[in-house]
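Chemist: please find the sequence and the predicted model below.
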Amino acid sequence: MHPAILSVHIGMGTLGALSGASALVFRKGSGPHRVAGTVFVLAMLFMAASASVLAAMKSLPDMVIGGLLTIYLIATAWMAARRKDGETGAFEIGAFVAALACGIGIFTFALLTAFGVIKAKNPYIAIAYYSFSGVMALAAVADLSVILRRGLSGAQRIARHLWRMCLGLIIAVGSFAAQGSKVLPPAVRDPQVLFASMIVVLIVMLYWLARVLFTNWYKQTEQSQ
């Protein structure tokens, strides 16, 4: 089973990175964007689920949480796009509980790594744990806000969809950089090149967040439809 699951993980991770990049390039709300986005969601869910299974087989609980974190981000991003303005339900309550649980789990690993209880492969692992626990804390607060406000509308709903999808893509690119880069040509395998690819996704995410939240782009898109 291990080679089969690993093949699924690698294949879906590669498909997720390619379809995610395509979704960023295509015009938002267009047919190609929706198709690429759907492929991205399915690929990322399979990639993250297989990653969690492989991590569980290797007794790597932190990686199990990492896979669950990715599933959470992609699922909530997809639901944000599917929801109507001002709509919420049981899914958002479950998302809040999941975000809180993942955040606490990752923060626990950060503390155990920082104090040497868990031996890290490099000195940046603890920093990464702290960063992702902070992200999940913010995500949990955002989920609670959605619940209390009984849903989001307009640009805020699209922004929720956008940053969660892009963060999932950053995780996919980072995973590919850490694992898939072993089979890439030496010129592409350079750590700076792989790190730059993640920064590019981050910059694109910030650009679209600014455009959605601080311009009339969303209203103009709604009117054109």
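Modeler: Yes, it's here.
Chemist: now do the spatially most central residue of the chain against Val201, distance only.
Modeler: For the chain, the residue sitting closest to the mean C-alpha position, by C-alpha atoms, centre = their mean, is Gly168 at 1.6 Å. Gly168 sits at a distance of 10 Å from Val201 (criterion: C-beta to C-beta, to the nearest Å). In short, each C-beta sits where N, CA and C put it, glycine included.
Chemist: what is the subsequent helix or strand relative to the longest helix belonging to the chain?
Modeler: When the chain is parsed with DSSP state H, its longest helix is helix 31-57. From helix 31-57 onward toward the C-terminus, using DSSP states H and E, the following helix or strand is helix 61-82.
Chemist: so what secondary structure elements neighbour that next one?
Modeler: If contacts are counted by 3 or more C-beta pairs under 8 Å, 6 or more residues apart in numbering; DSSP states H and E, helix 61-82 sits against helix 31-57, helix 90-114, helix 125-148, helix 154-178.
Chemist: just the CA atoms of that helix, as CSV, please.
Modeler: Presented in CSV, the C-alpha positions along helix 61-82 are these (Å, rounded to 0.1, in the frame of the first residue of the first chain):
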residue,chain,number,x,y,z
PRO,A,61,2.0,13.1,14.1
ASP,A,62,3.1,16.6,13.2
MET,A,63,2.9,15.7,9.5
VAL,A,64,-0.5,14.2,10.1
ILE,A,65,-1.7,17.6,11.4
GLY,A,66,-0.1,19.3,8.5
GLY,A,67,-2.2,17.2,6.1
LEU,A,68,-5.3,17.9,8.1
LEU,A,69,-4.5,21.7,8.1
THR,A,70,-4.3,21.6,4.3
ILE,A,71,-7.6,19.8,4.0
TYR,A,72,-9.1,22.4,6.3
LEU,A,73,-7.8,25.4,4.3
ILE,A,74,-9.0,23.9,0.9
ALA,A,75,-12.4,22.8,2.2
THR,A,76,-13.2,26.1,3.8
ALA,A,77,-12.0,28.0,0.8
TRP,A,78,-14.2,25.9,-1.5
MET,A,79,-17.2,26.4,0.8
ALA,A,80,-16.6,30.2,0.9
ALA,A,81,-17.0,30.3,-2.9
ARG,A,82,-20.1,28.0,-2.8
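Chemist: quick check: buried residues in that helix?
Modeler: 62, 64-81 (16 or more other C-beta atoms under 10 Å).
Chemist: and Arg27, helix, strand or coil?
Modeler: coil (DSSP: H, G, I helix; E, B strand; the rest coil).
Chemist: who's in contact with it?
Modeler: His33 (C-beta atoms under 8 Å, 6 or more residues apart in numbering).
Chemist: quick check: the gap between it and Ala36.
Modeler: In terms of C-beta to C-beta, Arg27 sits 11 Å off from Ala36.
Chemist: go on, Phe115?
Modeler: From Phe115 to Ala36 the distance is 43 Å (C-beta to C-beta).
Chemist: of the two, which one has the most company?
Modeler: Set Phe115 next to Ala36 and count neighbours by other C-beta atoms under 10 Å: Ala36 wins out with 20 against 9.
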